[in-house]
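[1] heads up, no residue letters with this:
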């Protein structure tokens, strides 16, 4: 199954609450971070500017956040 990309932060927060884990990929060249939330049935992604990443990560309620380099 292909990942689902959402563009709304509120919609992503709903998926992150039910996620098994959230993975964060930072792309410094493009100044974007991609956050992936893995639920039991879906993989949901969102792209966030690096300036907003820390505040967004503190807002989402994901139990296991993993930084991928």
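    Received the coordinates, thanks. What you see is a predicted model, and the numbers here were worked out from it, not measured in a lab.
[2] ok so residue 37 is a strand residue?
    Yes. Assessed by DSSP: H, G, I helix; E, B strand; the rest coil, residue 37 belongs to a strand.
[3] mind listing the helices for this structure?
    9-17, 50-59 (DSSP state H).
[4] avg pLDDT for the last one?
    Helix 50-59 carries an average pLDDT of 94.
[5] also the first one?
    Computed over helix 9-17, the mean pLDDT rounds to 94.
[6] the residue lying farthest from the centre of the chain and residue 51: what is the separation?
    The centre of the chain is farthest from one residue, residue 29, which by CA atoms, centre = their mean lies 18.5 Å away. Per CB to CB, to the nearest Å, residue 29 is found 15 Å from residue 51. (Glycine included, C-beta is placed from N, CA and C.)
[7] test my guess that residue 36 contacts residue 43.
    Yes. Using CB atoms under 8 Å, residue 36 is in contact with residue 43, at 6.1 Å.
[8] quick one: common contacting residues for these two?
    Common neighbours of residue 36 and residue 43, using CB atoms under 8 Å, 6 or more residues apart in numbering, are residue 3.
[9] what residues are bridge-paired with residue 66?
    residue 23 (DSSP bridges).
[10] now do residue 4
    Bridge pairing for residue 4 - DSSP bridges - gives residue 44.
[11] most tightly packed of the helices of the chain?
    Mean neighbour count (mean count of other CB atoms under 10 Å) peaks for helix 9-17 among the helices of the chain, with a mean of 17.
[12] what sits up against it?
    By CB under 8 Å, 6+ apart, helix 9-17 touches 6, 22, 35, 37, 39, 42, 44, 46, 48, 56, 59-62.
[13] change it to 7 Å
    Contacts to helix 9-17, defined as CB atoms under 7 Å, 6 or more residues apart in numbering, come from residues 6, 22, 37, 39, 44, 46, 56, 59, 60, 61, 62.
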